[in-house]
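**Q** Need a 3D model of the following:
(one chain, ligands or ions: 1)
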Amino acid sequence: MSNYDTLETTCCIAGGGPAGIMLGYLLARKGVRVTVLEKHSDFFRDFRGDTVHPSSLEVMHELGLLEELLRLPHQRVTSVGGVIGDYAFQGPDFRHVPAHCKYIALMPQWDFLKFLSDRAQIFFPTFNLRMQHEVVGLSHDNGRITGVLAFGPAQQPLHVRADLVIGCDGRHSIVRKAAQLPLREFGVPFDVLWFRISRRHGDPQRVFGTVNYGKALILIDRADYFQAGLIIPKGSVEEIRQRGLDDFRKTIAQIAPFLDGRVAELKDWDQVKVLTVQLNRLERWYCPGLLCIGDAAHAMSPAGGVGINLAIQDAVAAANILAGPLREGRVTEADLAAVQQRRELPTRITQAAQAFLHKGFERAFKNTGPLRAPWQIRLFWRIPGVRRALGYAVGIGVRPEHVDQPQQAKYGPAGGPAGAVRRPRGSRLSAFAAGIGTGLGVAVTLLRKAKAPGRHNSSRLAA
Ligand SMILES: Cc1cc2nc3c(=O)[nH]c(=O)nc-3n(C[C@H](O)[C@H](O)[C@H](O)COP(=O)(O)OP(=O)(O)OC[C@H]3O[C@@H](n4cnc5c(N)ncnc54)[C@H](O)[C@@H]3O)c2cc1C
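**A** Residues are numbered from 1 along each chain as shown. As a prediction, the model looks like this:
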């Protein structure tokens, strides 16, 4: 490695997505020297979810950043609506979650990441973000990971030596591959075609999903346009392309007739991005000198829109557990195991719930005619408390994490007084809803486990 430039740091984070930037911020806030390597030159890239959930907004509140964050353009989603064939319903209701923000903030992911990384760079001298630095491998010494190998903007090789490497480089993680951490894949029956279509006065607001004619369409309100996602059976992209753009436009108008006059805006396949969906999880998230979190440890599907939140919660837990040992130069494998132990159950339950939703999509794909919602679904949405419980399960999630020493950031841009941040106390109803939310997740996991023997291995979820 004689031709490599060398950089010394305490913690090297590979990947500047929600997990990497949040973890970098939190560790630097605790005085840890941290270097984040992000392969892109900016945060602007394909749509990967725009949702900042109540529990993530709570983390921002605990960091004293909420007020300023909410000055960025965003929409507030207090509930999610949907149509299944002939049946319209209101889904998860976030208005009662035990958090300061009782809504999901729809905000472009690049705005959120830029906001947080800018603040980290301004407030904390130990935070070092290097854009256009692609991690290509790991360095080892005596069976221990000692750093990463990367290429900078002009392809110059760089060796970052670190006490700990944290892989936050997403679902195609180079870090986890290089460390040969054992991965379990769970089959996903669909992919998503993303595109934009204009929005008009009187259209559905916020987030809206519709399932019919063997397809599902998600529309996310972005003020003057919809970020739209057509959910298609896995591997059917080529077939859809071959049938032509006109057929694609007709499909959209068939599922969402109010878009009929606007589908002509789709003039070229370049306007339609294919995103292959994965669901997987590492069996072990760490090895000596290395830990993976976020999608690098467990790729999440877009079902339920919870992946960003889970990545942020992982980052909070990792920072709470590792900041002290990192600062004192005494990180052990037991500390890394503690992070996996803390975050594995929420991940398993959330992935089991996503796999359950995938099964629903699979069934819907089989009926290519007009869909009639089954009575079980109609009954389900009438159960008292179910919308609140799902609002909790989606908005807060299983085992929400809280920032260690939550006080207004010392250099708080809002200039708020330093001091302890009050956590909203959950009402008894919220606690009840939380119980149902968690119970639903556990029930889904157990049901899947009970049915597992007859299934194909690749689609099984370990519970
Ligand atoms: C189509 C689609 C829609 C989704 N919609 C939602 C949604 O609405 N809400 C939601 O919560 N979740 C959604 N998700 C899931 C969500 O995107 C992920 O779960 C979440 O982004 C994970 O965050 P992360 O930081 O772990 O990884 P990522 O967001 O994938 O970030 C990884 C970062 O690492 C960088 N990187 C990768 N490789 C390298 C390398 N070798 N060197 C340096 N940098 C590297 C990448 O450029 C990226 O910035 C969606 C996923 C898909 C596929």
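
**Q** for the residue in the stretch 51-200 of the chain that the ligand sits nearest to, what are its contacts?
**A** Among the residues of the stretch 51-200 of the chain, Gly170 lies closest to the ligand, at 2.6 Å counting by Cβ to the nearest ligand atom. Any C-beta I mention is one placed from the backbone N, CA and C, and that applies to glycine too. Taking Cβ atoms under 8 Å, 6 or more residues apart in numbering, we find Gly170 in contact with Gly15, Gly17, Gly294, Asp295, Ala296, Ala299.

**Q** Close to the ligand as well: tell me which of those qualify.
**A** The subset of these within reach of the ligand, by Cβ under 6 Å from any ligand atom, is Gly15, Gly17, Gly294, Asp295, Ala296.

**Q** on that earlier part again, how about the contacts of Gly170 in JSON lines, adding secondary structure?
**A** Below are the contacts of Gly170 laid out as JSON lines (DSSP: H, G, I helix; E, B strand; the rest coil):
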{"residue": "Gly15", "secondary structure": "coil"}
{"residue": "Gly17", "secondary structure": "coil"}
{"residue": "Gly294", "secondary structure": "helix"}
{"residue": "Asp295", "secondary structure": "helix"}
{"residue": "Ala296", "secondary structure": "helix"}
{"residue": "Ala299", "secondary structure": "coil"}
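
**Q** ok, and the closest non-adjacent residue to the closest residue to the ligand within the stretch 301-450 of the chain?
**A** Of all residues in the stretch 301-450 of the chain, Gly307 sits closest to the ligand, at 2.0 Å by Cβ to the nearest ligand atom. Closest residue to Gly307 apart from its sequence neighbours, by Cβ to Cβ, 6 or more residues apart in numbering: Met300 at 3.4 Å.

**Q** Let's verify the one you found: helix, strand, or coil?
**A** With three-state DSSP as the criterion, Met300 reads coil.

**Q** which residues does it contact?
**A** Taking Cβ under 8 Å, 6+ apart as the test, what Met300 contacts is Leu279, Val306, Gly307, Leu310, Thr350, Gln351, Gln354.

**Q** From the residues you listed, list the buried ones, please.
**A** Among the contacts of Met300, those scoring as buried are Leu279, Val306, Gly307, Leu310, Thr350, Gln351, Gln354 (criterion: 16 or more other Cβ atoms under 10 Å).

**Q** Let me know the pLDDT of the nearest residue to Gln271 once chain neighbours are set aside.
**A** Excluding the flanking residues, the one nearest Gln271 by Cβ to Cβ, 6+ apart is Phe195, at 5.4 Å. What the model reports for Phe195 is a pLDDT of 93.

**Q** residues in the stretch 301-450 of the chain within reach of the ligand, list them.
**A** With Cβ under 6 Å from any ligand atom as the criterion, the stretch 301-450 of the chain meets the ligand at residues Pro302, Gly305, Val306, Gly307, Ile308, Asn309, Ala311.

**Q** out of those, which are buried?
**A** Of these, these count as buried by 16+ other Cβ under 10 Å: Pro302, Gly305, Val306, Gly307, Ile308, Asn309, Ala311.

**Q** picking up where we left off before, state the number of residues packed around the residue nearest to Gln271.
**A** 21 (other Cβ atoms under 10 Å).

**Q** Any idea what it is bridged to?
**A** Counting by DSSP bridges, Phe195 forms beta bridges with Ala228.

**Q** show me what contacts it?
**A** So Phe195 contacts Ala228, Leu230, Leu266, Gln271, Val272, Lys273 (Cβ under 8 Å, 6+ apart).

**Q** what's the spacing between the first one and Pro182?
**A** This means Ala228. 37 Å (Cβ to Cβ, to the nearest Å).

**Q** Mind checking which of the contacts of Met300 are in strands?
**A** Mapping the contacts of Met300 onto strands (DSSP state E) picks out Leu279.

**Q** Put together a markdown table for the contacts of Met300, with pLDDT and distance to Leu259 on each row.
**A** Below are the contacts of Met300 laid out as a markdown table (pLDDT from 0 to 100; distance: Cβ to Cβ, whole Å):
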| residue | pLDDT | distance to Leu259 |
| --- | --- | --- |
| Leu279 | 96 | 29 |
| Val306 | 92 | 27 |
| Gly307 | 93 | 26 |
| Leu310 | 97 | 31 |
| Thr350 | 97 | 31 |
| Gln351 | 97 | 32 |
| Gln354 | 95 | 27 |
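
**Q** Any chance of a markdown table for the contacts of Met300, columns distance to Val331?
**A** Shown next, in a markdown table, are the contacts of Met300 (distance: Cβ to Cβ, whole Å):
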| residue | distance to Val331 |
| --- | --- |
| Leu279 | 30 |
| Val306 | 29 |
| Gly307 | 27 |
| Leu310 | 23 |
| Thr350 | 27 |
| Gln351 | 27 |
| Gln354 | 32 |
